Structure formats: C-alpha cells, structure tokens
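Novice: Build the 3D model from these lines:
(one chain, ligands or ions: 2)
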Amino acid sequence: MDGFVRVPVREQDAKERAKNFKEVCLGYNKEEAENEATRCLNCPNPKCVAGCPVSIDIPGFIQKVKEGNVEEAYQVISKSSALPAVCGRVCPQESQCEGKCVRGIKGDPVSIGKLERYVADTAREMGIKPEGAKEKKGKKVAVIGSGPSGLTCAGDLAKMGYDVTIFEALHEAGGVLVYGIPEFRLPKDAVVKKEIENVKSLGVKLETDVVIGKSVTIDELMEKEGFEAVFIGSGAGLPRFMNIPGEQAMGVFSANEYLTRSNLMKAFDENSTTPIMRAKKCVVVGGGNVAMDAARTALRLGAEVHVVYRRGEEELPARKEEVHHAKEEGIIFDLLTNPVEIHADENGWVKSITCIRMELGEPDESGRRSPVEIPGSEFEIECDAVIMSLGTSPNPLISSTTEGLEVNRRKCIVAEEANGQTSKKGVFAGGDAVTGAATVILAMGAGKAAAKGIDEYLSK
Ligand SMILES: Cc1cc2nc3c(=O)[nH]c(=O)nc-3n(C[C@H](O)[C@H](O)[C@H](O)COP(=O)(O)OP(=O)(O)OC[C@H]3O[C@@H](n4cnc5c(N)ncnc54)[C@H](O)[C@@H]3O)c2cc1C
Ligand code: SF4
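Specialist: Numbering: from 1, shown residues only. Ligands and ions are numbered 1, 2, ... in the order given. Presented below is the predicted three-dimensional model:
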C-alpha cells in the first residue's frame, strides 16, 4: 500500500445483493482497519474534525485503532457521538470529515467513516458501553421523538445527570433510522437497536406509542408532569406530492409510506403479514437518498426500477456511494426527465406515466442550474407503481397544539442554532423539525447543541 490509496472495503456482490436485504457493505476487519488507520497523519490542526458536525476527535480515535485499542477508540468517539455505528454507515463523510482530510489532496482521504464503523461494531461485539453520569441533578427533561436528534440530546443530558424521558409516537424507537433507511444499508436489530440500548444504558427512559399533541401536550408535560425543559426532535415526516393529474391512482405511493411498510413493518421479509406492492416495473420520482432507498427496495422486491429526476447526474442530491451502488445493482436512471401525468387502467391502477425531457437553465437561489422543459419532448413509461420521493416537511401537530411556539412559513420550528432555544420558555428544538429534511449528523449536532442549551437554562 503506498499511502495514497485507501484500503478497499469488502461488499456483497452487486448481482447477489440485488436479490436480498442483507447489508451491502461488509466493513473492515481488524487488519484492514489497522492498515487504514496508519494512513492518518495525526495532523496537529486536523481539518477533518472541523468538517464533523459533532466534532469527534478523529485523529484521537484513529490513533487508538492504530494501537489496536478499540475500547479507548470507542470512548473517544462516544464523548461526541451517541450513534457511531449508524454514522459510520450513513453519514455523508465525503462532504464532511473525509471531504476535509488532507490525505485527500494527493490521493484518497482516510476512510474515517469505515474506521468509525469498525470501532463501533467491534466495541458492540465486545460488550463495551458508553460511560454514564457520576452524579444526578434531580431535574426532569422530556425529549419528543427518538430519531438521531432526540437520542443525542437525551444521551448527552443523561451523561450530565438529568432524568430524561423520550416520548416516541411509533411503537419502536429510532425515527428515520428504523422506518426510513433500509436494512441493506443500516441493519435494525444488529446495529440501530443496540445503539439505542446504549443510550438507554445511560439511564434514559423511553415511552413509545405516545403522540405529543394528542396523547399529551407540551404544556401538560411541563405544568402537570414536572418536566422542567422539553426538547422537540419530531423530524419532518410529512411527504410532499407533485400535484399532477393521476397522482391519486392506486399504485402511487410516497417513499415514506413504502419504506415504512418495508422497514418498520418488515414487509420485505416474506414471513411478514404487512402488505406491500411487489411491482413489475416501478418509477421512482426524485434523486435524493430517500429516492435511492425506495428504488433499491423496489428492485429487491422484484421490480425493474427507473429513477426519474429532473436535473442531471451532477445535481443528484443522494450520496455518491448510494448512486454508485444503485447503478451497480441495475437501477435505470432517467435523468433530465420530469413526470407530467400518471395514467390508470379501467380498475384505477397505475399503468403508465408521461414524462417530459428537461435541460438545465440558469442557476436558481440554491445555486443549482434550474431544469427547464423541452417543449414537445413528452414520452411515456409503462409501469405499475410510482413512488414519489420529493422531500418532506414537519408535521404541524406539535406546533398547532403548543401555544407560543413559533414556526416559519415552511412549518419548521424556529430555534436558535447555537442552543436550540425556541420562542417558548423551557422548550428547545432541533433536527429535521427545525431545518426540514437534512442529515443524521446535522440532527445529532442540533441535539448536542440543545442539550448544552438545556443544561445552561436549567443551571441558571
Ligand atoms: C429514507 C431516508 C433515507 C435517508 N438517508 C440518509 C443518509 O443516508 N444519510 C443521512 O445523513 N441522512 C439520511 N436521511 C435523513 C436523516 O435520516 C434525517 O435527517 C434524520 O433522521 C433526522 O433526525 P431527527 O431526529 O430530526 O428526526 P427523525 O429521524 O425523523 O425522528 C423523529 C421522531 O419523532 C417522532 N415523532 C414525530 N412526531 C411526534 C409526536 N408528535 N410525538 C412523539 N413523537 C413524534 C417520529 O415518529 C420519529 O421517530 C434519510 C432520510 C430518509 C427518510
Ligand atoms: S485530516 Fe486526515 S490525515 Fe489529518 S488527522 Fe484528519 S483523518 Fe488524519
């Protein structure tokens, strides 16, 4: 190894994995991880740390991997991250820590994500747990939602000695990690559940099947149940549609519904009783991570899959690794293409979708070149299912039942970036509920900032 090239990671063969839901990436073993760790230059001013939204001491933990000391490597990471096995798998490292790594100037950046995953997986196999609080503060904090923002906020507060209860609307904890991201990218029992158990091992209580705003309100939690502060990490689970003719046809799904059936309700498992459409030919509309997950799930359930996206390859918002994996597995990309109408058969089931070709015009406010229709370029794709993956927004239930909680025009809760403080005293918020759909690590960063904000508020 010349130091410029990263140690390759083993993966399931593309043809084989396209037919199963087992994890695609197999991760590093000890020898591979220790070899990759030797590529880290232990920079005095590590740029990688500046690129990490939760500021993990990256050279610190990599040094411990080099020394073969996984336990200490894990403790270094868990000072900053409650979900290292999750982040090692799904974080967009290429645009964060690895995007800043100096090794990347003349070769491959250090595989920070794969090393993080190795440490977290090995620590789990060894039964190593994060260190909890030495002293209790005797103050109760409620956390709404058990996604990455809620779990991080709860874990950090518990480490500071607070008495934390997470209230989760679904029957299982984890947010998008359990209902959105598929098993083949993020195993639920082996990885997600174990990291949630680690958060619970810090003393965090979890109450599932509690819908805040319906079962109980935030004001009731604070006035009647003795919670002195509340963190809202309720995510952005409300799907958007295109509002094109025919969108009401049977066989049109939101990616959220389709993925929830498959992941949370285990429809991918042939022994499950949850119904799911096993399409012959499926069109997935959108180009983000959610679209890739829906497409790759439909493929594994037996469909020929077309991803229809209105911009070009360069603009695809999904992680490069996910696009690469999707292509390897046989997903067909119809780029610079936009749906205009869905057609149903005489029984109301989808039979085809009309699309129009696009070209890229001037950059819009996001800096990306906006797609413009090419007149007269309509064409039809025959299909029996359409999955809309066009983004999501926060559910208004909490904001509409909490007096004094300000939201912006996109229905996102208004909160200060530095400490999560909302317009309501004692109420903090972070993650997708504040930013709109974003990433796991940004949600975790917001949960961390809010834990600090809540500690400062309750210490006054
Ligand atoms: C399919 C899919 C794939 C993705 N892939 C990636 C990826 O590869 N990498 C990446 O970084 N990001 C990815 N993301 C985005 C990422 O998962 C989210 O940004 C992140 O999960 C947001 O965390 P959160 O804690 O804010 O909210 P969520 O994870 O959405 O969790 C919110 C939780 O709050 C609960 N809740 C909502 N309302 C209430 C209520 N009223 N009372 C009680 N509980 C409530 C919900 O049930 C949920 O469990 C993906 C998202 C999806 C949907
Ligand atoms: S920037 Fe790269 S080489 Fe430098 S400390 Fe971070 S991971 Fe190591």
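
Novice: ok, now which ones touch the residue nearest the centre of the chain?
Specialist: Using C-alpha atoms, centre = their mean, the residue of the chain that lies closest to the mean C-alpha position is residue 440, 4.3 Å off. With contacts defined as C-beta atoms under 8 Å, 6 or more residues apart in numbering, the neighbours of residue 440 are 83, 86-87, 90-91, 148, 176-177. To be clear about C-beta, it is placed using only N, CA and C from the backbone, and glycine gets the same treatment.

Novice: Tell me which of the residues you listed fall in strands.
Specialist: Among these, no member is found in strands (DSSP state E).

Novice: mind listing what's buried in the helix or strand bottoming out on mean pLDDT in the chain?
Specialist: Lowest by mean pLDDT, DSSP states H and E among the helices and strands of the chain is strand 369-373, with a mean of 90. Residues of strand 369-373 classed as buried by neighbour count (16 or more other C-beta atoms under 10 Å): 369, 371.

Novice: from the chain's centre, how far out does the longest helix belonging to the chain sit?
Specialist: Longest helix of the chain, by residue count under DSSP state H: helix 440-459. In terms of C-alpha atoms, centre = their mean, to the nearest Å, the centre of helix 440-459 is found 18 Å from the chain centre.

Novice: That one and ligand 1, are they touching?
Specialist: Yes. Counting by C-beta under 6 Å from any ligand atom, ligand 1 has neighbours in helix 440-459: 440-441, 443.

Novice: what's the closest of those residues to residue 398?
Specialist: residue 443 (16.0 Å; C-beta to C-beta).

Novice: of all the residues in the stretch 251-400 of the chain, which ones are close to ligand 2?
Specialist: Counting by C-beta under 6 Å from any ligand atom, none of the residues of the stretch 251-400 of the chain come close to ligand 2.

Novice: ranges for the strands of the stretch 51-200 of the chain?
Specialist: Assigned by DSSP state E, counting those that start in this stretch, the stretch 51-200 of the chain shows strands spanning 140-144, 163-167.

Novice: Any idea how far the longest strand along the chain is from the middle of the chain?
Specialist: Longest strand in the chain by number of residues (criterion: DSSP E): strand 350-363. Computed by C-alpha atoms, centre = their mean, the chain-centroid distance of strand 350-363 equals 27 Å.

Novice: which parts of that strand are buried?
Specialist: Using 16+ other C-beta under 10 Å as the test for burial, strand 350-363 gives 350-358, 360.

Novice: what residues are up against residue 206?
Specialist: Contacts of residue 206 (C-beta under 8 Å, 6+ apart): 146, 165-166, 168, 173, 196, 200.

Novice: quick one: low-confidence parts of the chain?
Specialist: Along the chain, segments meeting pLDDT under 70 span 1-2.

Novice: if you set the cut-off to 80 instead, what comes out?
Specialist: Applying pLDDT under 80 to the chain flags the ranges 1-2, 366, 368.

Novice: Let me see the domain layout of it.
Specialist: Using automatic domain parsing, the domain parsing of the chain gives 10-126, 140-236+393-459, 241-390.

Novice: winner for burial among these?
Specialist: Comparing the domains of the chain by mean neighbour count (mean count of other C-beta atoms under 10 Å), domain 140-236+393-459 comes out on top with a mean of 21.

Novice: Give me the contact list for stretch 28-44.
Specialist: By C-beta under 8 Å, 6+ apart, stretch 28-44 touches 1, 3, 6-7, 9, 58-59, 62-63, 65-66, 68, 102-103, 110-111, 114-115, 117-119, 122.

Novice: Alright, calling it a day.
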